[in-house]
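Novice: Okay, sequence plus prediction incoming.
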Amino acid sequence: QLQLAESGGGLVQPGGSLRLSCAASGLSSARYAIGWFRQAPGKEREGVLCINSINMTIDWADSVKGRFAISRDNSGNTVYLQMNNLKPEDTGVYYCAAAVVCEVRTLFRSFGQGTQVIVSS
């Protein structure tokens, strides 16, 4: 069974950067699409970015275009979310999850525990 674990969150000032990691265990995540989601306080969880099994990336959130990037390491077992020029509205808990394809967000499963990102001065 595929299990995912997020890490790399923290407190950062506006304009700063963070790189989140999503590490797979149990099964290789290389054959799966991996999506990053986030949930801000008092809001519903939203999709941010996705990378499919052939490493094509799909933008889900217009608000992060040009600032966030998703990538996968050579083993396929770790997916990164590079976040630059962070804004206070990026604050939230970030999760990664897996699915067969990126196109249907409701099919994502195996959410990890999440990693907290706080953007504040």
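Specialist: Everything's here; your move.
Novice: Only C-alpha atoms from now on, for both contacts and neighbour counts.
Specialist: Noted.
Novice: hey, what's the residue nearest the centre of the chain bridged with?
Specialist: The centroid of the chain falls nearest to Trp36 when counting by CA atoms, centre = their mean (2.5 Å). Per DSSP bridges, the residues bridged to Trp36 are Leu49, Cys96.
Novice: Show the contacting residues for it.
Specialist: By CA atoms under 8 Å, 6 or more residues apart in numbering, Trp36 lies in contact with 47-50, 81, 94-97.
Novice: Could I get the pLDDT score of it?
Specialist: Per-residue pLDDT puts Trp36 at 97.
Novice: swap in Leu27?
Specialist: 81.
Novice: In which helix or strand does it reside?
Specialist: For Leu27, there is no host helix or strand (DSSP states H and E).
Novice: What sits closest to it if chain neighbours are left out?
Specialist: Leu2 (4.8 Å; CA to CA, 6 or more residues apart in numbering).
Novice: Strands along this structure, start to end?
Specialist: 3-7, 10-12, 18-25, 33-39, 46-51, 57-59, 68-72, 78-83, 92-99, 115-119 (DSSP state E).
Novice: right, and those strands - which one's nearest Phe108?
Specialist: Nearest to Phe108 among the strands of the chain is strand 92-99; the distance by CA to CA comes to 4.7 Å.
Novice: Only the C-alpha atoms, please, for the closest one, written as PDB.
Specialist: The C-alpha trace of strand 92-99 is given here as PDB (Å, rounded to 0.1, in the frame of the first residue of the first chain):
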ATOM      1  CA  GLY A  92      -2.000  26.500   5.300                       C
ATOM      2  CA  VAL A  93      -1.400  22.800   5.700                       C
ATOM      3  CA  TYR A  94       0.100  21.300   2.600                       C
ATOM      4  CA  TYR A  95      -0.700  17.700   1.600                       C
ATOM      5  CA  CYS A  96       0.400  15.300  -1.100                       C
ATOM      6  CA  ALA A  97      -1.700  12.500  -2.500                       C
ATOM      7  CA  ALA A  98      -1.700  10.000  -5.300                       C
ATOM      8  CA  ALA A  99      -4.000   9.000  -8.200                       C
END
